[in-house]
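S.K.: I'll drop the sequence and a predicted model, then ask my questions.
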Amino acid sequence: MKIDIHVHTKKTKSGDSELRNIDVERFGDIIRSTEVKILAITNHNHFDLNQYEQFKEEVDGACQIWAGIELDIIENGKRAHLIVIVNPSNSNEFNNRVQKLLEGKTADNFTISLSETVDNFDSLDAIYIPHYFVKKPSLGNDEVEILLSLVSNKKRVLKEATNSISAGIYISHGHDSIYGSDVHNWNDYINISQDLPDLRLPVESFEQFCLLLEKDDATIQTLLDKKTKENIELTPFTLAEQIKLDIYNDINIIFGSKGTGKTEILKALSKHYNDKGYKTSVYESNSKHLNDVYNLKGSEFTINLTDFDIEDCTTEFKLIKGATEQEITSIKKYLLHYSNQETNKISRKIKVKDFTSLDDSQSTRKFEEIKEILIDFRRFNDDVGENENIEEIIGSDLLSELLDVLERILGKLRTESEKRLLDSKIIMMFNSLIRIFVSEISKKTGQPEKPVETGFFKYASNRIKIERTVNKILSNIRKVLTPQLDYVGNLGDKGELYCQTNILIQDGSIINRNFSPIERVNKTPQKEVARHFDLISKHIYSNELFVKIADLNAIESSETIESIKDLLLFNRHFVVNGQIYQPSNGESSMILLHNELKKNKDIYLIDEPEKSLGNDYINDVIVPLLKERAQQGKKVVIATHDANIAVRTLPYSSIYRQHDLNNYYTFTGNPFTNNLICNTKDKADLDWKNISMKTLEGGRDAFGERGKIYGNI
């Protein structure tokens, strides 16, 4: 939740912008479009009780509205601005006192001293926020000290900075600081609100906020207890060193010097959750590169040709390699038969030898036709059965009806297929019977065989079959496969990174070192086999046909090329904006971590996510992602040396590992109480902020230049 302690809703001074004026309805629409949950109305030297109550009612339940004012202070002869915010329950009395002070004066000419301010408002449970340093006009250090000496509770004085950077710097130097929008133009408020301070604890009232300023343990614990957590006992090191941790459904940080066992705690947590039935593992930065994750070398790359409407042609490859010539019956055989008088009486009586062979090509074609149809229907039936969404779309009744129709069609096709196969086999058996009788009679009688067929049909059919087969192979070889693009991640200003997989089918002409065979075959036989298929297609009706087939079989290792799949070549690389791009180690780490956090998981265990990453990427991308997962109630446990993660995420649980000359110690705590307590009570409590700044890399910077936090809240 975000807080804005400096909001103008009216033009009260002559120099104010007209765009500070806003009506009730528009105010409500804007605030509900932001994450601002606490807002203080602090107009210059002015408080409008009626407007305050209308605005409060308009956003009731969406945002707390606090009563306040921005006063012109005169102290030590210096002019400055001081914001005073009071407990909303005192808004009526606050209005009375403001109106009394302003009686006879205008917002332009009103001034007040620090002592008068405290005298009028301290009893109303007030918070004081002076402009400080670069926030002009500001109270100097001497004037701030005067204010601190006057107020009843010094914790209620916060120095207003201009933005998150200056607030962080003040905090790193021990100043309690905050900043607000100081909105000049309500058209810009939604964008401005994104950079307002975050309150990690769900502050439900002005009173709670004030207790948090005082680091009230009971209040902080009450708010923490509203968050789901799990009490876990682990033994990541030895049985003698059992540690107890509170792991929240939020951000939990493990930090400490190198070699103090942070990774071991993560691994023990992974085992703990796996034993409970969760599938968890520790994500280790830099353990992999994108090249390996996306398998650029293709060691495990496979492809389903049917996805590209390509047939494997295994049967066709085998047929071409094993093809032989079909001889035509010579005239000499007829001459021999008819020039010898048939004398054997039994032979003359066996008429079957004189039957003409039947044409088996038509029955074979009919069988092949029905077989192709049957294959298509089986594939369609399988697709329907495997599609999980089809029942949702067409309904169970219609799906059942469809499956029933398909089963009846398949039954009919199977019956017809069996019938046509039987017809084909009968003709083949009949023709075989004639050949056997003719051959046996010839052997017994010495009578030359009478040719049962001219052989030209088989000769021509064989050539046609080879032509069709090789053309089918070539038509599949010549198909073009569209490159596959898989989204990898965002490289910021450089653009979106994709992994592109290019697939080619070797057609006998491809020479490209960047492409490698998908199957375990060599490039040379790949290329030569494909080239010889093309040669065969050009010699179908020449005397050289079977010479070319013999040449195909003579290619060294040609036996390894058994199908279209063995001719596949691939090249895989990364692209940005259509251009080849090789991500650096840092970019690889950046994208892999981003993708890990984008996964929808219940538990994220991450070891040193900052490796190879720049501070800007951690601040602008990773930290917001971690907060997003926390808002979704996910468990996020991170071992880190980086203060931008350990500090800026404001973890609900901080686990600090310390090592001295004698032993290792585990401390647990959080930034809200600013304490770290030793598990074994052998060590005194530690200051969370001091330890963070001392231990973490960039600790002071995280509290300073990157400090988008309010105090330690």
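M.R.: Yep, it's here. Residues are numbered from 1 along each chain as shown.
S.K.: for the protein, give me the ranges with low pLDDT.
M.R.: Residues of the chain that meet the criterion pLDDT under 70 lie in 165-174, 327-359, 437-438, 441-455, 698-713.
S.K.: only the buried residues of the lengthiest strand in it, if you could.
M.R.: Determined from DSSP state E, the single longest strand within the chain is strand 64-75. Under the neighbour-count criterion of 16 or more other Cβ atoms under 10 Å, strand 64-75 has 64-73, 75 buried. (Glycine included, C-beta is placed from N, CA and C.)
S.K.: same question for stretch 556-574.
M.R.: Applying 16+ other Cβ under 10 Å to stretch 556-574 flags 558, 560-574 as buried.
S.K.: so which of those residues belong to strands?
M.R.: If you go by DSSP E, the buried residues of stretch 556-574 have 568-574 in strands.
S.K.: between those residues, which is nearest Ile464?
M.R.: Nearest to Ile464 out of these is Leu568 (Cβ to Cβ; 29.0 Å).
S.K.: quick one: residues contacting that closest one.
M.R.: Neighbouring residues of Leu568 by Cβ atoms under 8 Å, 6 or more residues apart in numbering: 303, 503-506, 517-519.
S.K.: by neighbour count, which of those wins?
M.R.: Gln506 (25 neighbours; other Cβ atoms under 10 Å).
S.K.: show me what contacts it?
M.R.: Counted by Cβ under 8 Å, 6+ apart, Gln506 has contacts 477, 523, 526-527, 530, 567-569.
S.K.: quick check, nearest of the ones in strands among the buried residues of stretch 556-574 to Asn141?
M.R.: Asn141 lies nearest to Phe574 out of those, by Cβ to Cβ, at 55.1 Å.
S.K.: partner residues bridging the closest one?
M.R.: Going by DSSP bridges, Phe574 is paired in beta bridges with Cys499.
S.K.: so is the residue lying closest to Lys288 once chain neighbours are set aside in a helix, a strand, or just coil?
M.R.: Distances taken as Cβ to Cβ, 6 or more residues apart in numbering put Leu592 closest to Lys288, at 6.6 Å, once the chain neighbours are dropped. Taking DSSP: H, G, I helix; E, B strand; the rest coil as the rule, one finds Leu592 in the helix state.
S.K.: repeat that for Ala62.
M.R.: Classification of Ala62 using three-state DSSP returns coil.
S.K.: okay, now it: neighbour count?
M.R.: 12.
S.K.: now do Thr649
M.R.: Neighbours of Thr649 (other Cβ under 10 Å): 26.
S.K.: which residues sit in contact with it?
M.R.: Thr649 makes contact with 251, 253, 623, 626-627, 630, 638, according to Cβ under 8 Å, 6+ apart.
S.K.: in ChimeraX, select just the buried ones from these.
M.R.: A single ChimeraX command suffices to select whichever of the contacts of Thr649 are buried according to 16+ other Cβ under 10 Å:
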select :251,253,623,626,627,630,638
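S.K.: ok, the buried residues of stretch 556-574 vs Lys288, which is closest?
M.R.: Taking these together and measuring to Lys288 by Cβ to Cβ, the closest member is Phe574, at 14.8 Å.
S.K.: what's the most distant pair in the ones in strands among the buried residues of stretch 556-574?
M.R.: So, those by Cβ to Cβ: farthest apart are Leu568 and Phe574, at 21.1 Å.
S.K.: dump the residue contacts of Met590.
M.R.: Met590 sits in contact with 489, 491, 612-613, 617, 621, where contact means Cβ under 8 Å, 6+ apart.
S.K.: same deal with Ser138?
M.R.: 80-81, 130-132.
S.K.: distance to Lys366, neighbour count and secondary structure for these - can I get that in CSV?
M.R.: Supplementary listing: the contacts of Ser138 in CSV, determined by distance: Cβ to Cβ, whole Å; neighbours: other Cβ atoms under 10 Å; DSSP: H, G, I helix; E, B strand; the rest coil:
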residue, distance to Lys366, neighbour count, secondary structure
Ala80, 102, 22, strand
His81, 98, 22, strand
Pro130, 98, 25, strand
His131, 96, 22, strand
Tyr132, 96, 25, strand
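S.K.: the residues you listed: which two are farthest apart?
M.R.: His81 and Tyr132 (10.1 Å).
S.K.: coming back round to it: the buried residues of strand 64-75: which two are farthest apart?
M.R.: Gln64 and Glu75 (30.6 Å).
S.K.: measure Ala643 to His175 for me?
M.R.: 19 Å (Cβ to Cβ, to the nearest Å).
S.K.: repeat that for Glu53.
M.R.: Glu53 is 34 Å from His175, by Cβ to Cβ.
S.K.: off-centre distance for stretch 591-601?
M.R.: 5 Å (Cα atoms, centre = their mean, to the nearest Å).
S.K.: and what of stretch 425-438?
M.R.: With Cα atoms, centre = their mean, you get 67 Å for stretch 425-438.
S.K.: and the contacts of Leu568 as CSV, adding secondary structure and distance to Asp607?
M.R.: Formatted as CSV, those follow (DSSP: H, G, I helix; E, B strand; the rest coil; distance: Cβ to Cβ, whole Å):
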residue, secondary structure, distance to Asp607
Ile303, coil, 35
Ile503, strand, 37
Leu504, strand, 41
Ile505, strand, 44
Gln506, coil, 44
Pro517, strand, 38
Ile518, coil, 35
Glu519, coil, 38
